[in-house]
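Colleague: Quick check, what structure comes out for this input:
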Amino acid sequence: MCYASDIIGYVVDILKVVIWPVLLVFVLLYFQHPLKDLLGRIEEVGQRTIKFGKAPGDLILFGETPAGSANLFAAYWLGHDFMWTRDMILRGAPKEYILHGLKRSLHHLGSLGLKEGSEGTILTELKVEIAGMPNREIDKRTRNKYAKKFSQVVLSAGKALEDVNLASEL
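Modeller: Next comes the predicted model:
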């Protein structure tokens, strides 16, 4: 006599045997292009190691990018750091966070050749001023003053980047 639990047990056993090969084929088909790229980057195979060449992301990080794309990345991160720093100023973050944002913004301004301009000068002055203040003295009014000054730098840097891009396209 055959019980329903026996039938379910047989079906489960069959699925256990069949599911792994089917799943493996599905995964290989789904990831075939990334796997081809990965296998194509193998440079050396040892007994316990496999050495890969540079990934596309590494090429960008190590400067092997098309001309001008490094400036594009720096401009992106400058915009990101501008927004983040402004949020830190306005949302009551500790001064260490604000100083970190100003430091990163200055770094990206430098990457774009704008650190020596008025934008870099104002941000440096702002950084020195904030660094010299105790956290408790950075009240809402002071934060609004810093945010206004910072926003002027953002607008000025945006205009300077616009001019650079227009000049490079001509």
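Colleague: Just the residues contacting stretch 77-93, thanks.
Modeller: Here stretch 77-93 makes contact (Cβ atoms under 8 Å, 6 or more residues apart in numbering) with 97-98, 101-102, 104-105, 108-109, 111-112, 140, 143-144, 146-147, 150-151, 154, 157. Yep, even glycine has a C-beta here, placed from its N, CA and C like the rest.
Colleague: In helices, which of the residues you listed fall?
Modeller: Counted as lying in helices by DSSP state H, out of the contacts of stretch 77-93, are 97-98, 101-102, 104-105, 108-109, 111, 140, 143-144, 146-147, 150-151, 154, 157.
Colleague: Only the buried members of those: can you turn that into a ChimeraX selection?
Modeller: For the buried members of the ones in helices among the contacts of stretch 77-93, the matching ChimeraX selection, counting by 16 or more other Cβ atoms under 10 Å, is:
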select :97,98,101,102,104,105,108,109,111,143,146,147,150,154,157
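Colleague: which residues in this structure form helices?
Modeller: Going by DSSP H, the chain shows helices at 4-30, 32-40, 56-61, 69-90, 95-111, 118-131, 140-169.
Colleague: Nearest to Gln47, out of the ones you listed?
Modeller: helix 32-40 (18.8 Å; Cβ to Cβ).
Colleague: Could you check the angle that closest one makes with helix 4-30?
Modeller: 60 degrees (axes from the mean of the first three to the mean of the last three Cα atoms, to 10 degrees).
Colleague: what does the average pLDDT come to for helix 32-40?
Modeller: The pLDDT scores in helix 32-40 average 85.
Colleague: do stretch 124-142 as well
Modeller: So the average pLDDT for stretch 124-142 ends up being 89.
Colleague: Can you pull up the most central residue in this protein?
Modeller: Nearest to the geometric centre of the chain sits Trp77, at 7.6 Å (Cα atoms, centre = their mean).
Colleague: With Gly9 as the reference, measure out to that residue.
Modeller: 58 Å (Cβ to Cβ, to the nearest Å).
Colleague: before we move on, back to that, which one of the helices of the chain lies nearest to Ile50?
Modeller: Once the helices of the chain are compared by Cβ to Cβ, helix 32-40 is nearest, at 9.9 Å.
Colleague: List the neighbours of the closest one that are in contact with it.
Modeller: Outside helix 32-40, the residues touching it (Cβ under 8 Å, 6+ apart) are 28, 52.
Colleague: Can you get me a residue count around the closest residue to Gly101 other than its chain neighbours?
Modeller: Among residues not flanking Gly101 along the chain, Thr85 sits closest, at 2.9 Å (Cβ to Cβ, 6 or more residues apart in numbering). By other Cβ atoms under 10 Å, 27 other residues sit near Thr85.
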